[in-house]
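Asker: Fold the stuff below for me.
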Amino acid sequence: MSPGSSTENYPAFAHIGLRENPGKNLNQVTCPDRDSNPGHLVSRSDALTVTPQVFASKENSDLLEASKAIGLEVNPEKTKYMIMSRDQNIVRNGNIKIGDLSFEEVEKFKYLGATVTNINDTREEIKRRINMGNACYYSVEKLLSSSLLSKKLKVRIYKTVILPVVLYGCETWTLTLREEHRLRVFENKVLRKIFGAKRDEVTGEWRKLHNAELHALYSSPDIIRNIKSRRLRWAGHVARMGESRNAYRVLVGRPEGKRPLGRPRRKWEDNIKMDLREVGYDDRDWINLAQDRDRWRAYVRAAMNLRVP
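Answerer: Numbering: from 1, shown residues only. Now for the predicted structure:
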């Protein structure tokens, strides 16, 4: 964490509602413990996010004194903080006090409509999005099963009312095969309601449509192809950002220290590389490829038109 001219360079202070005092020059001071623990405070908007050693090894009053030193004051509207770590055996500090204010430790919080957890896992957010999509689906279920509406109009209702709710923020998701399966199951449920049942030619009984039959009737790109295309489009935007942008620094940055034992979790960048391999690009330097907008746009369109098994 380096000194700067605004609270953007002190994200943790801004995160708990600390505001800049114009009478102080932030260029003339540095945050305590800057050399021994650089960048130990991480920014979030709705809660304070810190690494374990901040409040375990330093007195809470140090943070208050540091905020006064750079001319910041506490906003009482911020009342929660979160420790982000994959190690679930770390010491939890519970509520902390800074001056007369108390901050509650939480395991997750909502930021810009998306759920952020203390282990940085997107499964919770994907599950919540599917639940919200189900709620939206049941609110229009009568329309989707009505014989007065055409199937074309029902598909339009799905694509404009239900699908955007499920795919909100999907550009940042890290998907595994399990999550992809859950999303396909949700979409197939909605499509079966739209296209109805089918009479079996042999037995004459009504039955549910098979997945292959649904894909033949639903000519639009399925939910997984939508996610892949949106994710690639967003990856191209981030790759073309300058080094001054936080999103680009997070993309190309490499954390210090050793990773935990066991199989590494799938990373967001791993999904990007897998999506590119599916459309015929097998080079590792995809960030350099993204600088060519026309070529990258072609890969984005190719990902949308893929037939996912």
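Asker: Now do Gly133 against Cys170, distance only.
Answerer: Distance, Gly133 to Cys170, using CB to CB, to the nearest Å: 12 Å. Just so you know, the C-beta spots here come from the backbone N, C-alpha and C atoms, and that holds for glycine as well.
Asker: If you count surrounding residues, which of the two has more?
Answerer: Per other CB atoms under 10 Å, whichever of Gly133 and Cys170 has more neighbours is Gly133, with 24 against 20.
Asker: now that one: how far from Ser147?
Answerer: Remark: distance between Gly133 and Ser147 (CB to CB) = 24 Å.
Asker: Model confidence at Arg86, what's the number?
Answerer: pLDDT for Arg86: 67.
Asker: Revised request: answer the last question for Thr117.
Answerer: Reported pLDDT for Thr117: 81.
Asker: Can you tell me the closest non-neighbouring residue to it?
Answerer: Lys108 (4.4 Å; CB to CB, 6 or more residues apart in numbering).
Asker: For that neighbour, grab phi and psi.
Answerer: Here is the backbone geometry of Lys108 (degrees, to the nearest 10): phi -160, psi 160.
Asker: Give me the mean pLDDT for stretch 190-210.
Answerer: Summarised as a single mean, pLDDT over stretch 190-210 is 87.
Asker: Please, which helix or strand holds the residue nearest to Met304 when sequence neighbours are not counted?
Answerer: Excluding the flanking residues, the one nearest Met304 by CB to CB, 6+ apart is Ser229, at 4.0 Å. Assigned by DSSP states H and E, Ser229 falls within helix 223-239.
Asker: Check the offset of that helix from the chain's centre.
Answerer: Computed by CA atoms, centre = their mean, to the nearest Å, the chain-centroid distance of helix 223-239 equals 13 Å.
Asker: for that helix, which positions count as buried?
Answerer: By 16 or more other CB atoms under 10 Å, the buried positions in helix 223-239 come out as 223-236, 238-239.
Asker: Tell me the buried residues in stretch 163-180?
Answerer: Within stretch 163-180, the residues scored as buried using 16+ other CB under 10 Å are Leu163, Val166, Leu167, Cys170, Glu171, Trp173, Thr174, Leu175, Glu179, Glu180.
Asker: and the angle from the one helix or strand Asn188 maps to to helix 223-239?
Answerer: Using DSSP H and E, Asn188 maps to helix 177-195. Orientation of helix 177-195 against helix 223-239 (axes from the mean of the first three to the mean of the last three CA atoms, to 10 degrees) gives an angle of 130 degrees.
Asker: So what touches helix 177-195?
Answerer: Residues from elsewhere that reach helix 177-195, judged by CB atoms under 8 Å, 6 or more residues apart in numbering: 123, 126-127, 130, 133-134, 137, 141, 144-145, 151, 154-155, 158, 162, 166, 173, 175, 208-209, 211, 214, 217-218, 222-224, 227.
Asker: roughly how far apart are Leu191 and His215?
Answerer: Applying CB to CB to Leu191 and His215 gives a distance of 9 Å.
Asker: typo on my end, it should be Val116
Answerer: Taking CB to CB, one finds Val116 at 34 Å from His215.
Asker: what about the two, which has more around it?
Answerer: Using other CB under 10 Å as the criterion, Val116 and His215 rank with Val116 on top: 22 against 16.
Asker: Low-confidence regions, this protein specifically.
Answerer: Within the chain, the ranges that satisfy pLDDT under 70 run 1-78, 86-93, 307-309.
Asker: So which residues of it form helices?
Answerer: For the chain, the helices defined by DSSP state H occupy 11-15, 53-57, 60-69, 123-139, 141-144, 151-157, 163-166, 177-195, 211-217, 223-239, 246-252, 268-278, 286-289, 293-304.
Asker: Of all the ones you listed, which one is nearest Gly94?
Answerer: helix 53-57 (9.8 Å; CB to CB).
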